[in-house]
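Q: curious how this folds, go ahead:
(2 chains)
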There are 2 protein chains.
Amino acid sequence: MHSPTSKVARFDAGAPLRLACQQDLAPFSIAYETYGALNSDKSNAILICHALTADQYVASAHPITGKPGWWDNMVGSGKPIDTDRFYVICSNVLGGCMGSTGPASIDPASGVPYGLNFPVITLGDMVEAQARLMDYLGIDQLFAVIGGSMGGMQVLEWASRFKDRVFAAVPIATAAWHSSQNIAFHEVGRQAVMADPEWKGGNYYASGTIPRNGLAVARMAAHITYLSEEALHRKFGRSLQDRSEKTFSFSADFQVESYLRHQGSTFVDRFDANSYLYITRALDYFDLRENAGGVLANAFRGTKTRFCVVSFTSDWLYPTRESRTIVQALNAVAANVSFVEIESDKGHDAFLLEEPTFFATVRGFLNAAAVKRGLSAPKEVKR
Amino acid sequence: MHSPTSKVARFDAGAPLRLACQQDLAPFSIAYETYGALNSDKSNAILICHALTADQYVASAHPITGKPGWWDNMVGSGKPIDTDRFYVICSNVLGGCMGSTGPASIDPASGVPYGLNFPVITLGDMVEAQARLMDYLGIDQLFAVIGGSMGGMQVLEWASRFKDRVFAAVPIATAAWHSSQNIAFHEVGRQAVMADPEWKGGNYYASGTIPRNGLAVARMAAHITYLSEEALHRKFGRSLQDRSEKTFSFSADFQVESYLRHQGSTFVDRFDANSYLYITRALDYFDLRENAGGVLANAFRGTKTRFCVVSFTSDWLYPTRESRTIVQALNAVAANVSFVEIESDKGHDAFLLEEPTFFATVRGFLNAAAVKRGLSAPKEVKR
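A: Okay, here's the model as predicted:
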């Protein structure tokens, strides 16, 4: 849908991607950004997996919004994920709308955008596509796969599917399956999109319209789950927006209303509504136990990957107990795992924010893993 | 909008209700149900205040759905709120759609339904209207005012505004003001309704259509907040609905999706979309500190009412800490208050469910208060 400024790996009709739904997807493209330099033995590559509504612009300006990369504080020269040392790759997920193949892409069978003819994909499919990108880049083993939220789920899929290709894994603020409550919130968002007449059964591309209102409502509902009650209280409380008295109307009297409306209305300018449907569906379908005989530990059996599992105390979307479940499964197969629960009152989005203990955790874990991997020391100690 | 089967108190143009927005509302009607018999000195009346989407049918069948009263387990012969002893009154709130004046009522100025010309009301306005109903019924002092959720907020308004008219007060699963997060969820719901083209700026009555999709989405989003994560997990987990495999589609594969869709679609048959907007707005405007110089305790200064404050451990809509805030304010003015936090994993809706400790608490508190009030003992001990 959007014209990406990114590099794009194209996989032609002769190299289809076999999806979980048993359909073959071909051709398909994966758009990606890279930062830093790949070393000669290709041992310093880090794949960063993005969350539901993010994209490959992890540490560079977004081509539509012009805003800095979504993890600009974490990824860069001298930063915890240090691009002076590591070759960082971030690709737009399959099903996305920033250059990778998704529902807004042209369906070769019809010559028009897929819309709802795009196959329903899974997080496993996204990871298989990423593995194809690594083949394309000639990278056999990733030094690390790192991601928060849905990105963390992709980390777990990587560690489970490609045990030899992941030296270290950092799943952050995530879970090994989507809970009832997670599914419920996503279903509300999907129904909001589908209720918008401008959605047109998913065929809105030709008309040049978008289901703006429905997608904005979906984003608003989801956004509440990204923040803790405390964070909302601290940011907004019951403060009024640009007025001293309530208006006794349905205007955005309260700052929190104005903030949410803004979140909704800006989101629709950068994100495809059908991508939102497909990616939320992939999340809801996610359950790492499914291909492991119903036992999570089996998903990791035989792993030699080093894990650093991170959660945040006030995250109610993917609470700490869900990270503990992952850690217990890893312990059950004697995996090398460290677990850090970060004290934060900022909610799920804490993983995107300046949290010194969190940053120190990632930096420290990667430094230690780099030593084990025989990578050179950082150029100088930066803090 | 709906033709109620209830009794209706009509207040004519000569007796307007002065609203918080400084408009006068006239004429206005309050529909109500009663259960049990008023004693000769009118000292055994209990007013039950209903929550956002409930109504006056607290202990009798709903005229539209045919379902039992919404608190049928709590109110009735021999039940904790014992209609053999007490005269129970429950009225549809001002702004509602079950017979009390609201946005679906005819605006005398135009001869057509108010729609968005209905004034924005507050919980204080609802309680002032209830007080007019008590005048109409000749009841000077209520033995008790009881309610959960928004009903609990009305209980607090009653105790604050009419100190001599409330002998005992039972605010349940409630708060003294609406938090940022509470406002945020309501704003999502309102935007969902208003995004529906069938809403037509609130003027959908003439066309005979209703903003069905938008209101259903609003209900779905709100419904998630009424249940705990644990309750959703226990009820649904990741179970599939009437199928053994995922369909790789946007069908309601999961039981929780099917359940939410059902909640949404049945709600629109019994509730007016504009009433939903007005009542959520009243909730968001609620802050008992506002008319108390910003200090909650001042709202209760001089009270002689006996309070029983009840919260539920897994209620994340109005968590226990918000009940503690109420209790602390009552303690600060040396009020007679007991506080019970009920252990339950059912979330906010626990107040509507069979919770033995909760039922015993209400029964015990009312029995003790009845003794103090000089009411006769229960006919027999029932458990």
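Q: let's see stretch A:251-264 as PDB, backbone CA atoms only.
A: What follows is stretch A:251-264, C-alpha atoms only, in PDB (Å, rounded to 0.1, in the frame of the first residue of the first chain):
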ATOM      1  CA  SER A 251     -16.700  17.300  23.100                       C
ATOM      2  CA  ALA A 252     -13.400  15.900  24.300                       C
ATOM      3  CA  ASP A 253     -13.600  17.700  27.600                       C
ATOM      4  CA  PHE A 254     -11.000  15.500  29.300                       C
ATOM      5  CA  GLN A 255      -7.400  15.300  28.200                       C
ATOM      6  CA  VAL A 256      -7.600  11.500  28.100                       C
ATOM      7  CA  GLU A 257     -10.400  11.700  25.500                       C
ATOM      8  CA  SER A 258      -8.500  14.200  23.400                       C
ATOM      9  CA  TYR A 259      -5.300  12.000  23.600                       C
ATOM     10  CA  LEU A 260      -7.200   8.800  22.600                       C
ATOM     11  CA  ARG A 261      -8.900  10.600  19.700                       C
ATOM     12  CA  HIS A 262      -5.500  11.800  18.500                       C
ATOM     13  CA  GLN A 263      -4.100   8.300  18.800                       C
ATOM     14  CA  GLY A 264      -7.000   6.900  16.700                       C
END
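Q: what does it contact?
A: For stretch A:251-264, the external contacting residues (Cβ atoms under 8 Å, 6 or more residues apart in numbering or on different chains) are A:215-217, A:219-220, A:223-224, A:232, A:235-236, A:238-241, A:243, A:246-247, B:180, B:183-184, B:187-188, B:191, B:284. Placement of C-beta: from N, CA and C, glycine included.
Q: quick one: is stretch A:277-294 near chain B?
A: Yes: Stretch A:277-294 reaches chain B (Cβ under 8 Å from any Cβ of the partner chain) through A:277, A:281, A:284-285, A:287.
Q: so which of the residues you listed are in helices?
A: With helices taken from DSSP state H, the overlap with the residues of stretch A:277-294 next to chain B comprises A:277, A:281, A:284-285.
Q: any quick PyMOL command for the buried ones out of those residues?
A: If you want just the buried ones from those in PyMOL, going by 16 or more other Cβ atoms under 10 Å in any protein chain shown, the selection is:
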select buried, chain A and resi 277+281+284+285
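Q: from the ones in helices among the residues of stretch A:277-294 next to chain B, pick the one nearest B:Ile46.
A: Nearest to B:Ile46 among those: A:Asp284, at 44.8 Å, using Cβ to Cβ.
Q: hang on, A:Leu283 packs against A:Gly189?
A: No: look at A:Leu283 against A:Gly189 with Cβ atoms under 8 Å: they stay out of range, at 10.8 Å.
Q: these two: who's more crowded?
A: Taking other Cβ atoms under 10 Å in any protein chain shown, A:Leu283 and A:Gly189 do not tie; A:Gly189 has more neighbours (24 against 21).
Q: quick check on the more buried one: phi, psi?
A: Note on A:Gly189: its backbone torsions stand at phi -60, psi -40 [degrees, to the nearest 10].
Q: what is the burial count for A:Arg301?
A: A:Arg301: 15 neighbours (other Cβ under 10 Å).
Q: how about the helices in the stretch 251-383 of chain A?
A: For the stretch 251-383 of chain A, the helices defined by DSSP state H, counting those that start in this stretch occupy A:255-267, A:273-285, A:320-332, A:356-373.
Q: put the alpha carbons of the last one into PDB.
A: In PDB, the C-alpha atoms belonging to helix A:356-373 read as follows (Å, rounded to 0.1, in the frame of the first residue of the first chain):
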ATOM      1  CA  PRO A 356      17.200   2.500  32.800                       C
ATOM      2  CA  THR A 357      17.100  -0.900  34.400                       C
ATOM      3  CA  PHE A 358      15.600  -2.500  31.300                       C
ATOM      4  CA  PHE A 359      18.200  -0.900  29.100                       C
ATOM      5  CA  ALA A 360      21.000  -2.100  31.400                       C
ATOM      6  CA  THR A 361      19.500  -5.500  31.300                       C
ATOM      7  CA  VAL A 362      19.500  -5.800  27.500                       C
ATOM      8  CA  ARG A 363      23.000  -4.200  27.300                       C
ATOM      9  CA  GLY A 364      24.400  -6.600  29.900                       C
ATOM     10  CA  PHE A 365      22.800  -9.700  28.500                       C
ATOM     11  CA  LEU A 366      24.100  -8.900  24.900                       C
ATOM     12  CA  ASN A 367      27.600  -8.100  26.200                       C
ATOM     13  CA  ALA A 368      27.800 -11.400  28.000                       C
ATOM     14  CA  ALA A 369      26.400 -13.400  25.100                       C
ATOM     15  CA  ALA A 370      28.800 -11.600  22.700                       C
ATOM     16  CA  VAL A 371      31.700 -12.800  24.800                       C
ATOM     17  CA  LYS A 372      30.400 -16.300  24.600                       C
ATOM     18  CA  ARG A 373      30.000 -16.000  20.900                       C
END
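Q: ok, and what's touching that helix?
A: Residues from elsewhere that reach helix A:356-373 (Cβ under 8 Å, 6+ apart): A:43-44, A:46, A:73-74, A:80-82, A:85-86, A:143-144, A:146, A:167-168, A:170, A:306, A:308, A:310, A:312, A:338, A:340, A:342-344, A:350-351, A:377-378.
Q: so how do I select the buried members of those in ChimeraX?
A: Typed into ChimeraX, the line below selects the buried ones among these, using 16+ other Cβ under 10 Å:
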select /A:43,44,46,73,74,80,81,82,85,86,143,144,146,167,168,170,306,308,310,312,338,340,342,344,350,351
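Q: burial count for the residue nearest to A:Ser105 when sequence neighbours are not counted?
A: Using Cβ to Cβ, 6 or more residues apart in numbering or on different chains and skipping residues adjacent in sequence, the residue nearest A:Ser105 is A:Tyr114, 6.0 Å away. The burial count assigned to A:Tyr114 is 23, neighbours taken as other Cβ under 10 Å.
Q: please apply the same query to A:Gly347.
A: Applying other Cβ under 10 Å, we find 24 residues neighbouring A:Gly347.
Q: that one against A:Tyr318, yeah?
A: No: with contacts counted by Cβ under 8 Å, A:Gly347 stays clear of A:Tyr318, the gap being 10.5 Å.
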